[in-house]
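J.: next one to model:
(3 chains)
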Amino acid sequence: MLEIKNLVVQIEDKRILNGLNLTVNKGEVAAIMGPNGSGKSTLSYVIAGKEDYEVLDGEILLDGQNLLEMEPDQRAAAGVFLAFQYPLEIPGVASMTFLKATLNAQRKARGQEELTTPDFIKRVNAAAQQLEIPKDMLKRALNVGFSGGEKKRMEILQMALLQPSFCILDETDSGLDIDALRIVSEGVNALRSPDRAFLVITHYQRLLNHIVPDTVHVMHAGRIVKTGGKELALELEANGYADYRESEAA
Amino acid sequence: MPAVQETIDQVRLIDVDQYKYGFETEVEMEKSPKGLSEDVIRFISAKKGEPEWMLQWRLDAYKRWLTMKEPDWARVSYDKIDYNDIYYYAAPKKNPAPKSLDEVDPEILKTYEKLGIPLREQEILAGVEPERRVAVDAVFDSVSVATTFKEELAKAGVIFMPISEAIREYPDLVRQYLGSVVPVTDNFFATLNSAVFTDGSFVYIPPGVRCPMELSTYFRINEKNTGQFERTLIIADKGSYVSYLEGCTAPKRDENQLHAAVVELIALDDAEIKYSTVQNWYPGDAEGRGGIYNFVTKRGDCRGRNSVITWTQVETGSAITWKYPSCILRGDNSRGEFYSIAVSNGMQQVDSGTKMIHLGKNTTSRIISKGIAAGRSENTYRGLVSAHRKATGARNFTNCDSLLIGNQCGAHTVPYIESKNATAVFEHEATTSKISEDQMFYCQQRGLSEEEATALIVNGFVKDVLQQLPMEFAVEAQKLISISLEGSVG
Amino acid sequence: MADVTLMKTPAETALVQAFESAKTALPGNGESRAQAFEQFNARGLPHRRVEEFKYTDLRALLREVAPFAAAPSADEAKAALAGAKALAGVEALQVPFVNGHFMREAVDFHALPENLEIVPLAEALANGHEWLSRLSPVPWANDNPVYQLNTSFMADGVMIRVAGPVETPVHLRFVTAASSAIATATRVLVVVEEGASVTLLETHESTDGANHQPNDVVEMIAGDRTNVQHVRVNAEGDKALALSTLAAKIGGEAVFNSINVTAGAATSRHQVFALLNGENTHLRVNGATMLKGSQHGDSTLVVEHGAPHCESRELFKTVIDNEATGVFQGKIIVPHHAQKTDGRMMSAALLLEEGGSMNNKPELEIFADDVQCAHGATCGQLDEDLLFYLMARGLPKKEAESLLVQAFLGEALEFVENDAAREALVGTVESWLKARS
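T.: Now for the predicted structure:
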């Protein structure tokens, strides 16, 4: 599914990723854990195609296609979805309008028919209900005045509608209380399927109690330094990242 | 829901620099001699079969105009206009005053068909809900060629007709109100208009009547070297209500053409007038050749207590726009509103805004202006809010935001806020910004192209104003904005 | 409107005569004076049709031109300075001017603080000092008629060079002491060299009861990485027509704070022309104006972001009592190349009684697309709910008003870094309020 080889990335002359290698298979839920500043968010932005980052070396392949040669919207159409750590506010654009515009843009890019309005509303309502998103929230401008939890639920709603094949959750648990965390996790778990892969980026083990990963990668100083099963997350929770820092120092 | 997808499709379909309404109609025209003189004014007045007082009014205006200088305070620059190189009157030769649609030159009917303006009542009736109907006055160069639903409106007591006809049929009403809001001597262009105005609409809503349908005038400049000088007068008598729409287009030509209109609104006690404009005159080509010079004086007088006047404008066309739809808040508790979207692209120059003059007690006003500059255009908001000594309890809220797309354009804000009353409370805020890179990336991450994302974000930016437009107009305006910005990204 | 050629007013004719008779006696070669006066005279005194003077019609306000004063005698000067009170409690190096003439006797040139040089302007003009080429650092100020008049008539002043950090504040003290009306045209140039820092106090006082006509210009060139703190006080006499200009060109990575506090003069107009000439500079221009009776106070400001990545903040507070008139005109200009500009301008006015007027004209002129600019303007009365709350707690109305007015003006004063100066300004506000009740 996703294959990253020897990825080297810098921003404003500062090296963030240092020859990162990562493979995520179809149907797999992979977690990336690491201390602040280890390059986790950079990785998610580079996969999605944010402009500010300079890729010096390496490649990112999604089902064999080279993502680095594509614009962000082409990557989205190819199946990449990034749930932002800080979702953007777009004043004046109702959430419903935004959802419809994006869904149809992607369907078009994939050569699918656009949805009729009733069909679209049916899908949104179904997804919204599952995420406990009230209807009036959909009428409001996208993310404007939403609480942290509401914004995150809106991200998962978009994920559910767009049906991407590769989902990145960037610190989705940050700023969520326990109820919101449960709702968001249930939303994600409902989307787990043999055709879809997830990359769950998180600082804490807490989220992984709800979204149980198949593999856990530890990231430090722009590289994956350890890979294991879900028990690795528990180990990190108990011991912290200190071991990795020390190994770096040594 | 706003037609975002349609907007995007529209953007895709249309090439840069393609003005959709730029075709020309081949009709044989009768014109006044070129240039401006007393004789030309007498010619126009005679063509319209006007009474003597009207001719005198025009001639007085002309004499005054000869002593005036073209204003130069606006932030626009253009080559000097040669006022003697313009035809001040041009009307279709075949039957300039048709009694029914059957008498109208078929070429002209085709023009309106192409523009999507319904002139046949029965066609409108088919499949349209009654309350969604719109009565149309179609002005082609210097004359009104058709006015629809006149009879049905007459049943409600509403007078809706070309102003040249009203001067003959309701001279007392016209005489009482014409020039009472925009005096003959008001400004260079208004005085010129007073001397040479050819047609436009006249509306009178009797006391207590809610006008049963939207009224609209569709202005088309077709003939070359011709100026259009229309005059609109709307009177809402006590307790009445009317919503009026105005649309404008012109063919693509290499020369500039002058449009100098005057619109006067009068709202008596408890009356309300909503005036909406979608201005889409030919803006000129990408290099700034051709396009309409749009010098317009629009003013509303909230003469009665509790009266309300709302101006809503979507300005996408014209090479130069110079217009400040204003409200004189004379009646106690009266309210004035101004909602504006001004989009400029290519080499367009816009200097537009409003004046809210608070004279009466507890008068309120609200200004929402959204300027979008792209290409190499200049876009200026210029506005005045003033409270006079007796305007106790006056309130104003102003919000004007500008958005720049690209680094070759300019966006300017020039508000004048003058208070002579301690109890008046005025609040003004203005911002200038660009579409943030983060917003763009977010939209693109969800699959929208750069152009689609821009259209979406701009539509959000102007939403507060679009909401003020009647539904059909809102959809059209939204398309127009996206088309106007076509080619401005990337 | 019909185009009419305006007749010369008596004041304009008097200015021509004054210039003709004074020009040979004024120091310097006179070329730039003649040029400035010619430019002024071509248009005459600005009136309400001249956009920049729309709210302050000098043609109507300046009826009679007062004579320019000769240098005072030593005793007169001493007496005048002894009576000067503005910012008197702030410890500073005194650089006094009486009736438009620099009082060199009051400055000990041998004991100037380190990094500070002072050159008397009259002398410099007379012998063509090399610093003269640095006068007029902000090009567009030359188009301003008030500035042109100052250039035409400037008789004296000083040029100051700050070569490094100067700890002691420098106090430019302008005093006009004469029982009958006199005019002054003083010019001060302050050059703050790269990396240097200085606090400049500037006060203007004149005797009550006479129609004095000061027209003073302070110019500054602040180099890269400089820090300039500027505090200006207008405490002119009650009949004065006071015109003043601050023109500043500021380099990169600099900090420049200027505040003007106005309570004096019958009519005043303070103009600020600031040009940000290097990247990453922070500019703050504040104003606190208190007007009563039939006073007219105008604050006019033009800030040009001539370089990218600069931040400017302008905050102007105006309190208007009785039938006074306040004017604020502010313009932020952002040219094409000044990307990442962050500019915010706010003008707020309080009208305390029926009869007052406030005219606000905040402008943005923007040509760069990646900027954040905003302006705001408000105008209204004191918050009635707050007044009621304070009165319900037992404060008499005037006291409650005073408290709220102090808080209102205080927002503009709080950026003054020099503690003693800030306290003195707060004191000015307090005594203005006390005089009102």
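J.: contacts and neighbour counts: CA atoms only from here.
T.: OK.
J.: near chain B, which residues of the stretch 201-350 of chain C? Just list them.
T.: Taking Cα under 8 Å from any Cα of the partner chain, the part of the stretch 201-350 of chain C that reaches chain B is made up of C:336, C:350.
J.: could I get the full set of strands for the stretch 201-350 of chain C?
T.: C:213-222, C:227-235, C:241-250, C:255-262, C:267-276, C:282-291, C:296-305, C:311-320, C:325-334, C:342-351 (DSSP state E, counting those that start in this stretch).
J.: just checking, what packs against the second one?
T.: Strand C:227-235 sits against strand C:197-206, strand C:255-262, with contacts defined as 3 or more Cα pairs under 8 Å, 6 or more residues apart in numbering or on different chains; DSSP states H and E.
J.: for it, which strands pair with it and how are they oriented?
T.: Sheet partners assigned to strand C:227-235 using DSSP bridges are listed as strand C:197-206 (parallel), strand C:255-262 (parallel).
J.: need the strands of the stretch 201-350 of chain C in TSV (columns: mean neighbour count and mean pLDDT).
T.: Formatted as TSV, the strands of the stretch 201-350 of chain C follow (neighbours: other Cα atoms under 10 Å in any protein chain shown; pLDDT from 0 to 100):
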stretch	mean neighbour count	mean pLDDT
strand C:213-222	26	98
strand C:227-235	22	98
strand C:241-250	24	98
strand C:255-262	23	98
strand C:267-276	24	98
strand C:282-291	24	98
strand C:296-305	24	98
strand C:311-320	24	97
strand C:325-334	26	96
strand C:342-351	24	95
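J.: nearest to residue C:70, out of those strands?
T.: Across those, residue C:70 has its closest neighbour in strand C:213-222 (13.9 Å, Cα to Cα).
J.: how far off centre is the closest one?
T.: 7 Å (Cα atoms, centre = their mean, to the nearest Å).
J.: output the contacting helices and strands for it.
T.: helix C:145-153, strand C:183-184, strand C:186-192, strand C:241-250.
J.: wait, what's in contact with the residue positioned nearest the centre of chain C?
T.: Residue closest to the average C-alpha location in chain C (Cα atoms, centre = their mean): residue C:270, at 4.1 Å. Residues near residue C:270 by Cα atoms under 8 Å, 6 or more residues apart in numbering or on different chains: C:243-246, C:298-300.
J.: confirm residue C:125 sits in a strand?
T.: No. Going by DSSP: H, G, I helix; E, B strand; the rest coil, the assignment for residue C:125 is helix, not a strand.
J.: how about the nearest residue to it, chain neighbours excluded?
T.: residue C:28 (4.5 Å; Cα to Cα, 6 or more residues apart in numbering or on different chains).
J.: which strand or helix spans residue A:86?
T.: Taking DSSP states H and E as the definition, residue A:86 sits outside all helices and strands.
J.: what ranges of chain A fall below the confidence cut-off?
T.: A:245-250 (pLDDT under 70).
J.: all strands of it, in order?
T.: A:2-11, A:14-24, A:29-33, A:54-62, A:65-66, A:80-83, A:166-170, A:197-202, A:215-220, A:223-228 (DSSP state E).
J.: check the secondary structure at residue B:452 for me.
T.: helix.
J.: swap in the one 3 residues further on?
T.: The local conformation at residue B:455, judged by three-state DSSP, is helix.
J.: for it, which non-adjacent residue is closest in space?
T.: In space, residue B:455 is closest to residue B:482, 5.9 Å off (Cα to Cα, 6+ apart).
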